[in-house]
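S.K.: Need a 3D model of the following:
(chains A and B)
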Amino acid sequence: MAPSGLRRVNDPPLLILVSLADGPKHGHALAKDIEDFAGVRLGPGALYGAITRLVERGLIEPLGGDDRRRPYQITPPGSAALAGALADMRRITRAGVSRLGLDPA
Amino acid sequence: MKAARLLRWYPRAWRERYGEELLALIQDTLDEGRPTWRLRLGVVRGGLRERVHQAVRAGTAAAKRTSTGLLITVVAAMILGSLPWDLKASLPPARAWQKTAAFDALVGAFAVTGVVVLASGLVAAPAFIAFLREGGWQQIRRRVAWAAGATVAAGGGLAGLFLAERSMSSAQVNHSWAYGIGVVATTAALVVASGLWASAVTATAKHLKLATRARAAQPLLAAVTLTAAQVILPANLILLAAAQSSLPWLVVGVTNLALVGFVTPRFVGRAVRQSRRLRVASGKMTVNRSPQRTHGRHRA
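M.R.: Residues are numbered from 1 along each chain as shown, chains lettered A, B, ... in the order given. Now for the predicted structure:
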């Protein structure tokens, strides 16, 4: 497993990092956004399990404000981990597309 | 569905940190008309997973914390215990200096531990008082009650042992099963009481809003306590070796002492770095200026 803990494209931590890449969001906004861009419906249990792990690893951090709907933002190490995971995926995607003879566009 | 009930599947520490947020998310999800059974199952699964995760993490941390010195003691004792008796018979006589030095080290370690624990308490006292004023007692009441109960049980055990010793001769004490069971039960109660107090203090500390200087002082105080605690075991062993003119115990004690000498600088170094990081993070000190300033002060 990668040091960042990112394993596959529908991995909740990866989806959360992608969602937070364009700005802070609270739990419900995260779930909605992930459903919109990835078609993956994360339940409250799965979402907060992933949030807990990401906070522990320092990849995201909570912001102040409303305690019940606390927004989270991606940290610099989180951005770096996400960039690394996306680069890995891009490399694998290129190889797969090339070997299948598919049009990358 | 009572969403708050679902939170019981999660560990207490997790609930205190994320509980309200999860409840808000559950409420938002329910407002969208999502099926409750699926949501409920997901939350239960998340709670159980969190419990497993915390248990594994606590186990790993405990394993890391387990004193390497203790492990070496056990292994060395097993090796030395298997040595032939004639080797043990050729032990050197007890040396007074060894006994005195070990006793002084033991008393010193206990004194330092006591002073540091007191200092830590004083440093955290204002935050603790503020916590109690804000109604924090309700959050720690149950833990403190359990710890107090175990302490009373341990105290009762100690009093019982004291009375038994006064009413029995040494030979009776040595051959009494009841006394032996009492010693084991009292020791267990003391260990449980210590653990429960540690748990209560840890739970309380999580709620305290410590000042920056207090937060930065904590790692240093913890390092000093840990060092003192690590000195206690080898000092005890050397004291035992002197009292019994035992070469094996002396070897084990000195081995442990050497290990403490090797490990302690790392602990202290890590604590100093952690303390520095805390101060830097709070903006009280800058990374670049601080070493020069410190250097300058020492030179002056």
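
S.K.: Show the pLDDT at the residue of chain B found nearest chain A.
M.R.: Residue of chain B nearest chain A, by Cβ to the nearest Cβ: residue B:46 (2.7 Å). Yep, even glycine has a C-beta here, placed from its N, CA and C like the rest. pLDDT recorded at residue B:46 is 92.

S.K.: what about it, helix or strand, and which?
M.R.: helix B:36-65 (DSSP states H and E).

S.K.: Quick one: distance of stretch B:120-132 to the chain centre.
M.R.: 19 Å (Cα atoms, centre = their mean, to the nearest Å).

S.K.: Same check on stretch B:25-39?
M.R.: Mean-position distance between stretch B:25-39 and its chain equals 42 Å (Cα atoms, centre = their mean).

S.K.: how about whatever residue of chain A ends up closest to chain B, what does it touch?
M.R.: Ranking the residues of chain A by distance to chain B (Cβ to the nearest Cβ) places residue A:45 first, at 2.7 Å. If you count contacts by Cβ atoms under 8 Å, 6 or more residues apart in numbering or on different chains, residue A:45 has them with B:39, B:42, B:43, B:44, B:45, B:46, B:47.

S.K.: Quick check: the farthest pair among those?
M.R.: Of all pairs drawn from these, the greatest distance, 12.6 Å, lies between B:39 and B:47 (Cβ to Cβ).

S.K.: quick one on the thing from earlier: if we ignore the residues flanking it in sequence, what's nearest the residue of chain A closest to chain B?
M.R.: Using Cβ to Cβ, 6 or more residues apart in numbering or on different chains and skipping the chain neighbours, the partner closest in space to residue A:45 is residue B:46 (2.7 Å).

S.K.: shouldn't that neighbour be in contact with residue A:46?
M.R.: Yes. If you go by Cβ atoms under 8 Å, residue B:46 and residue A:46 touch, sitting 6.2 Å apart.

S.K.: Those two - which one has more neighbours?
M.R.: Of the pair residue B:46 and residue A:46, residue B:46 is the one with more neighbours under other Cβ atoms under 10 Å in any protein chain shown, namely 24 against 18.

S.K.: remind me, longest helix of chain B?
M.R.: In chain B, with assignment by DSSP state H, the single longest helix is helix B:96-133.

S.K.: buried residues in that helix?
M.R.: Across helix B:96-133, burial judged by 16 or more other Cβ atoms under 10 Å in any protein chain shown covers B:98-99, B:102-103, B:105-106, B:109, B:112-113, B:116, B:120, B:123-124, B:127-128, B:131.

S.K.: repeat for stretch B:140-150
M.R.: Here stretch B:140-150 shows B:140, B:143, B:144, B:146, B:147, B:150 as buried, counting by 16+ other Cβ under 10 Å.

S.K.: Endpoints of stretch A:11-25, how far apart?
M.R.: End-to-end distance of stretch A:11-25: 18 Å, with Cα to Cα, to the nearest Å as the criterion.

S.K.: And the contacts of it?
M.R.: Stretch A:11-25 has contacts (Cβ under 8 Å, 6+ apart) with A:4-8, A:30, A:33-34, A:37-38, A:40, A:42, A:46-47, A:49-51, A:53-54, A:59-60, A:63, A:71-74, A:78-79, A:81-82, A:85.

S.K.: can you give me the offset of that stretch from its chain's centre?
M.R.: 4 Å.

S.K.: before we move on, the earlier item: so what's the residue of chain B closest to chain A up against?
M.R.: Residues in contact with residue B:46 (Cβ under 8 Å, 6+ apart) are A:43, A:44, A:45, A:46, A:48, A:49, B:9, B:10.

S.K.: so where do the helices sit in chain A?
M.R.: Remark: helices assigned in chain A by DSSP H are A:12-20, A:27-38, A:44-56, A:76-100.

S.K.: swap that for the stretch 201-300 of chain B, please
M.R.: For the stretch 201-300 of chain B, applying DSSP state H, counting those that start in this stretch gives helices covering B:212-244, B:247-281, B:289-299.

S.K.: Out of the ones you listed, which gets the lowest mean score?
M.R.: Comparing mean pLDDT over these, the weakest stretch is helix B:289-299, at a mean of 39.

S.K.: So which residues on chain A come close to chain B?
M.R.: Chain A has residues A:26-28, A:31, A:43-49, A:51-52, A:67-70 near chain B, with proximity defined as Cβ under 8 Å from any Cβ of the partner chain.

S.K.: JSON lines please, covering the helices of chain A and showing mean pLDDT.
M.R.: As requested, the helices of chain A are exported to JSON lines (pLDDT from 0 to 100):
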{"stretch": "helix A:12-20", "mean pLDDT": "94"}
{"stretch": "helix A:27-38", "mean pLDDT": "92"}
{"stretch": "helix A:44-56", "mean pLDDT": "93"}
{"stretch": "helix A:76-100", "mean pLDDT": "92"}
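
S.K.: Let's have those in a markdown table, adding distance to residue B:253.
M.R.: Shown next, in a markdown table, are the helices of chain A (distance: least, Cβ to Cβ, whole Å):
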| stretch | distance to residue B:253 |
| --- | --- |
| helix A:12-20 | 48 |
| helix A:27-38 | 55 |
| helix A:44-56 | 40 |
| helix A:76-100 | 45 |
